[in-house]
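Chemist: for reference, the sequence and a predicted model appear below.
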Amino acid sequence: MGSLAKKPLSVWLIGWLFIIIAGQMILSGSLNLLYPGSAALAEQEEMVYLQNSMPSIFGRVLEYYNDNFYWFAILQVLFSAFMLICGIMFIRLYAWARSALEIMASLGLGYVIGVTVFYISSWISLIRKPGIEGMNSGFVTVMVLGAVAGMTVWAILLAVIIKHLRGQTIRKAVNRRLLI
């Protein structure tokens, strides 16, 4: 049991990072389940306005999300609960948890990049549409730069996590647990 106490720092950091993020996602998804219509109702007029102002693909994506808000919240809670379990089991050095976290980090990286591209494209499409109040190029520039900055931080974090999950230090630690 003494060798298990000497886990690499990266195991502790990655495991706890996933546990904390999963906890926040469970809380967020649960609040959305408690108030499934509140967010949509509060912004319904604005969302309808934006949906009608955007080119068809962006409007349809937002409409689909709003129409299925409750199901996305359920999916978020279930996925986050699995992530929480994986984070705990990863700290205990289970090989399947390492693989699951690597897949989740890879999917997360794809999600961050995809959502950022969608977000930037939708903002740029709004500025090109005449007659939309409050959509000047300065405002859109700030929104786009904010999206790029946020995506960059998350992309770097996820890339570093993936690198460490695939690295020899963590693989050796997991294999060492299998030998005990």
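Modeler: Structure received.

Chemist: excluding chain neighbours, what is closest to the residue nearest to the spatial centre of the chain?
Modeler: In the chain, the centroid-proximal residue (C-alpha atoms, centre = their mean) is Gly108; its distance is 5.4 Å. Nearest residue to Gly108, sequence neighbours excluded (C-beta to C-beta, 6 or more residues apart in numbering): Leu158, at 5.3 Å. (Each C-beta comes from the backbone N, C-alpha and C, glycine too.)

Chemist: and that neighbour, what pLDDT?
Modeler: Per-residue pLDDT puts Leu158 at 95.

Chemist: so how many other residues sit close to it?
Modeler: Per other C-beta atoms under 10 Å, the neighbour tally for Leu158 reads 20.

Chemist: ditto for the one 5 residues further on
Modeler: The local packing of Lys163 (other C-beta under 10 Å) involves 11 other residues.

Chemist: name the element it belongs to?
Modeler: If you go by DSSP states H and E, Lys163 is part of helix 137-166.

Chemist: which other helices and strands contact that helix?
Modeler: helix 9-34, helix 95-128 (3 or more C-beta pairs under 8 Å, 6 or more residues apart in numbering; DSSP states H and E).

Chemist: tell me which of those helices lies nearest to Ile74.
Modeler: Between Ile74 and those, the shortest separation by C-beta to C-beta is 6.8 Å, and it involves helix 9-34.

Chemist: now do that closest one, average pLDDT.
Modeler: On average, helix 9-34 scores 94.

Chemist: how far does that helix sit from the chain's center?
Modeler: With C-alpha atoms, centre = their mean, to the nearest Å as the basis, helix 9-34 stands 11 Å off its chain's centre.

Chemist: how much does that helix deviate in direction from helix 95-128?
Modeler: Angle of helix 9-34 versus helix 95-128, following axes from the mean of the first three to the mean of the last three C-alpha atoms, to 10 degrees, is 60 degrees.

Chemist: could you pull out the buried residues of helix 9-34?
Modeler: By 16 or more other C-beta atoms under 10 Å, the buried positions in helix 9-34 come out as 10-11, 14-15, 18-19, 21-22, 25-26, 29, 32.

Chemist: relative to Phe58, which of those is nearest.
Modeler: Once C-beta to C-beta is applied, the member of these that ends up nearest Phe58 is Asn32, at 21.8 Å.
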